[in-house]
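Trainee: Build the 3D model from these lines:
(chains A and B)
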2 protein chains.
Amino acid sequence: MANEKKAVEQITSMEEDFAKWYTDIVKKADLIDYSSVKGCMIIRPYGYAIWENIQRILDGRFKELGHENVYMPMFIPESLLNKEKEHVEGFAPEVAWITMGGSERLTERLCVRPTSETLFCEHYKNIIRSYRDLPKLYNQWCSVVRWEKTTRPFLRSREFLWQEGHTMHATAKEAEEETIRMLNVYATFFEQDLGMPVLRGQKTDKEKFAGAKATYTVEALMHDGKALQGGTSHNFGDGFARAFDIQYLDKDNTLKYCHQTSWGVSTRIIGGIIMTHGDDRGLVLPSAVAPIQVVIVPVQQHKEGVLEAAEALKDRLSSVCRVKIDDSDNSPGWKFAEYEMKGVPVRIEIGPRDIESRQCVLVRRDNHEKQFVSLDGLEERVLAELDALTKALYEKASANRAKRTFTATDLATLQEIAAKESGYIRAMWCGELDCELELKEKADVSSRCIPFDDQEPISDTCVCCGKKAKHLVYWGKAY
Amino acid sequence: MANEKKAVEQITSMEEDFAKWYTDIVKKADLIDYSSVKGCMIIRPYGYAIWENIQRILDGRFKELGHENVYMPMFIPESLLNKEKEHVEGFAPEVAWITMGGSERLTERLCVRPTSETLFCEHYKNIIRSYRDLPKLYNQWCSVVRWEKTTRPFLRSREFLWQEGHTMHATAKEAEEETIRMLNVYATFFEQDLGMPVLRGQKTDKEKFAGAKATYTVEALMHDGKALQGGTSHNFGDGFARAFDIQYLDKDNTLKYCHQTSWGVSTRIIGGIIMTHGDDRGLVLPSAVAPIQVVIVPVQQHKEGVLEAAEALKDRLSSVCRVKIDDSDNSPGWKFAEYEMKGVPVRIEIGPRDIESRQCVLVRRDNHEKQFVSLDGLEERVLAELDALTKALYEKASANRAKRTFTATDLATLQEIAAKESGYIRAMWCGELDCELELKEKADVSSRCIPFDDQEPISDTCVCCGKKAKHLVYWGKAY
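Mentor: Below you'll find the predicted structure:
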């Protein structure tokens, strides 16, 4: 598309209409396209390259910790899905069913996997015999399908790409450790690589995964104050192992049930990046996942030596980062707007006068400041700016979150905050489902999580019923 | 599985029962497992790691040539599949149909993609306007579904993993160049990276892809003399572009139809590797795709210094190749058999006496020769052996192919060869479908391809009907 003279059209401003601003960006930054397949999206090269970077980083970290990739069938026979009661109740209403193969009606219908616990369990049952076979640390990169009614690109679509880790352990303790370990892998990725501060915490029973004993989450807060569940990590205990009869012979020569976890993140992350960092000029990408980290724009490129100097810069920088030069016929102003729309972290401009004074102009996508930078040691400077950009994004998002985090100790206050503000509301909870439902009804908020790092009680009583409080909970509206 | 004390059981010998030998290997080398999902396979960590290596190598080559990855929906609405007549006739009988989403019957049924030409065309129609937008060089890594009646792991399964390139060009010439260019990328990969000699050639109309103008193929010959279509590259001309109305405004200000290609290889490659290189001890993997390239087996590992020396070797070698040390309690003999079964290209043994004389024992998987090798410069030596192994596999497979390539100038001879031998039969053909069908009926052979590199006529007349011959064709039985 680089050669295409397309006008960089205005996008809706965030303040005017955040939802419209979001869909403008996913289209105008060439991340996705729609098709005649309702509720599904086409992920275009620029969008897919972001996902490839996410995959590469996470896959490397999973493997460092000993995880191995596998591939399971995309279909689940109805009888297999039915094996774990809570699980099937959670997922059956939202799966797509295959009923015909060619021109023949199937004797048993198959669903397209909405998640693969049942398939992994059937396989683990086959391959686990002894304590020597444990732990099994498997992961799968694939697409899954959930038949959603209302869909939005990246955030909620009928098909999405994700990874699903599925592990089996000898003891409950090891399974819990794995669940938390992988949650922390996600938290580190969000915070350090994506510049997105996250709350780590536990989901309430109402919000946990169908069939899990405990679900942990990393929750991010978007620019507009709505929460986004960024990744989840589930401890299944031995529930599935009992349903699927997955036992191992332990050292003491007795049969024991395995303990199981699963954990996943999806292309949803891309929606989270957009809504956390984007601005009215378009996308803002954290350096680690930006398909193009540096764009070089030659200024007065028809003048002698300019293109050569730009090419020389590209050659130097390509050894340390993903760099692109745009020497198309479009004006520098057009190019500036285009790569701002695409969220490229660093722009370098170089023209005749810069060449003379052995410098270039460097502009970071987040703060738009023009810096005159010496060509000597440019590689180190660019790496430092890429790093500083992600840190600055993190600080900005943290400030937004701080500004949008409220506290309520009684229902009236909670309702008032929920009506006026958008963000997290910290409030005590008794642990009862009824109170969760009542807060949903009366204030339109759901429990986001019981945070790990903010547990000091702020009052003794439940914000809803006034009975003895059990947990400090973050409440909010979510994508 | 490294710690698991499993006996390396005998596999069926190739000569006794090649089909049984094959299924023994895919199971006992831990490549796949079966599940309750009929006709689909579970690709286990060791099998999937081979696929990841295949992906990494090919993906890098595609990108070097300017291709970009995208992701299309996995569903195709029936009306979209129906848009190109020949295409739908070819694929409709073998697709899986979604008819229900959750508890609702869909108003239009969706098939799970058997291939994605129609989805790409719909998207290209949306994004191609001008000659400046061309070429579009897209590729997708995904899984596809074809509702096969009889299935075999890797070779033919209802779901398989593949890549499908889909490109759009301004002219017929450029499309033809791309089709051949990508065929050559495949040929190089098979021959140089996998050690598998391939025939490059054109498919007859009967065997070409549904909707293509021309299909090119790389055909490999398995150890048992049956052919395997390794990869195909299709030139669609402007057939789909006309069906989908994909036009661009050319420099001369007139609207023109685009010219299109597609090309793909799949997890079938893994079946091809097994059946080309495997032997009665198990899998033999070409170095480029082996998950473990070198296994270090300590001998008398309880003796002082042995494990340390083995670890030191591993540290040195890990900078140049994928190396693993097996210091489990299993005997060296057990380990030798285990890694032979898994096809690890190079085994290194090190024991007390080796340490004393600053050497180790190196055994290559293909020839089983024991070599005493100095520890000095071991990295270079190992790299040389890994390279030599792939070359030796190529030579061995080439010799098998030469031995199994026959020539016939009359039908009786062709029938006699087909009855007695297994391999390619070179014979002239008039170009008529009737003769292809007759050869299938009378000699149970199908046309593999009209080869690029063997075109000198061997007679003037068709081997079947005796009329004037048009092409030299390779005939054979295929997987």
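Trainee: ok, residue A:221 - how many residues close by?
Mentor: The tally of other residues near residue A:221 (other CB atoms under 10 Å in any protein chain shown) stands at 31. C-beta here means a position set from N, CA and C on the backbone, and glycine is covered the same way.
Trainee: what about it, distance to chain B?
Mentor: Per CB to the nearest CB, to the nearest Å, residue A:221 is found 28 Å from chain B.
Trainee: Enumerate every residue touching the nearest residue to that residue once chain neighbours are set aside.
Mentor: Once flanking residues are discounted, residue A:221 sits nearest to residue A:401: 4.6 Å by CB to CB, 6 or more residues apart in numbering or on different chains. Contact analysis of residue A:401 by CB atoms under 8 Å, 6 or more residues apart in numbering or on different chains lists A:197, A:221, A:423-424.
Trainee: Pull up the gap between residue A:50 and residue B:45, please.
Mentor: 27 Å (CB to CB, to the nearest Å).
Trainee: repeat for residue A:34
Mentor: 37 Å.
Trainee: of these two, who's got more company?
Mentor: In this view residue A:34 and residue B:45 are compared by other CB under 10 Å, and residue B:45 has more residues nearby, 20 against 16.
Trainee: Tell me how chain A divides into domains.
Mentor: Domain assignment for chain A by automatic domain parsing gives A:18-277, A:292-384, A:405-476.
Trainee: Next, format those domains as JSON lines and append mean pLDDT and distance to residue B:103.
Mentor: Converted to JSON lines, these look like this (pLDDT from 0 to 100; distance: least, CB to CB, whole Å):
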{"stretch": "domain A:18-277", "mean pLDDT": "97", "distance to residue B:103": "7"}
{"stretch": "domain A:292-384", "mean pLDDT": "97", "distance to residue B:103": "41"}
{"stretch": "domain A:405-476", "mean pLDDT": "97", "distance to residue B:103": "24"}
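Trainee: Pipe the ones you listed into a markdown table and attach distance to residue B:264 per row.
Mentor: Listed next are the domains of chain A as a markdown table, based on distance: least, CB to CB, whole Å:
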| stretch | distance to residue B:264 |
| --- | --- |
| domain A:18-277 | 17 |
| domain A:292-384 | 27 |
| domain A:405-476 | 44 |
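Trainee: Can you say which of these is packed in most?
Mentor: Highest mean neighbour count among those (mean count of other CB atoms under 10 Å in any protein chain shown): domain A:18-277, with a mean of 20.
Trainee: how long is that one end to end?
Mentor: 13 Å (CA to CA, to the nearest Å).
Trainee: The residue of chain A most remote from its centre and residue A:352: what is the separation?
Mentor: Residue farthest from the centre of chain A, counting by CA atoms, centre = their mean, is residue A:304 at 45.9 Å. According to CB to CB, residue A:304 and residue A:352 sit 8 Å apart.
Trainee: ditto for residue A:191
Mentor: Shown here: residue A:191 relative to residue A:352, a distance of 42 Å by CB to CB.
Trainee: show me what contacts residue A:454?
Mentor: Counting by CB under 8 Å, 6+ apart, residue A:454 has contacts A:199, A:426, A:472, A:474.
Trainee: Greatest separation within these: which pair is it?
Mentor: A:199 and A:472 (11.5 Å; CB to CB).
Trainee: Overlap of the contact sets of these two?
Mentor: A:451, A:454.
Trainee: What residue in the stretch 351-479 of chain A comes nearest to chain B?
Mentor: Minimum separation of the stretch 351-479 of chain A from chain B (CB to the nearest CB) falls at residue A:479, amounting to 21.0 Å.
Trainee: what sits against that residue?
Mentor: A:152, A:155-156, A:222, A:226-228, A:271, A:275.
Trainee: ditto for residue A:166
Mentor: Taking CB under 8 Å, 6+ apart as the contact definition, residue A:166 lies against A:116-117, A:120, A:138-140, A:260-262.
Trainee: so which helix or strand takes in it?
Mentor: Taking DSSP states H and E as the criterion, residue A:166 maps to strand A:159-169.
Trainee: can you give me the offset of that strand from its chain's centre?
Mentor: 14 Å (CA atoms, centre = their mean, to the nearest Å).
Trainee: C-terminal to it, what's the next element?
Mentor: Using DSSP H and E, the helix or strand that follows strand A:159-169 in sequence is helix A:172-188.
Trainee: Identify the residues contacting that following helix?
Mentor: Outside helix A:172-188, the residues that reach it (CB under 8 Å, 6+ apart) are A:58, A:61-62, A:65, A:135, A:137, A:165, A:167, A:169, A:198, A:200, A:214, A:216-218, A:230-231, A:233-238, A:259-261, A:263, A:265.
Trainee: Just the ones in strands from those, please.
Mentor: A:137, A:165, A:167, A:169, A:198, A:200, A:214, A:216-218, A:230-231, A:233-237, A:259-261, A:263, A:265 (DSSP state E).
Trainee: on that earlier part again, could you work out the most separated pair of the contacts of residue A:401?
Mentor: A:197 and A:423 (13.0 Å).
Trainee: Common neighbours of those two, please.
Mentor: In contact with both residue A:197 and residue A:423: A:221, A:401, using CB under 8 Å, 6+ apart.
Trainee: quick one on the thing from earlier: restrict the contacts of residue A:166 to those that also contact chain B, please.
Mentor: Within the set of those, contact with chain B (CB under 8 Å from any CB of the partner chain) is found for residue A:138.
Trainee: Name the nearest of the contacts of residue A:166 relative to residue B:129.
Mentor: residue A:140 (38.7 Å).
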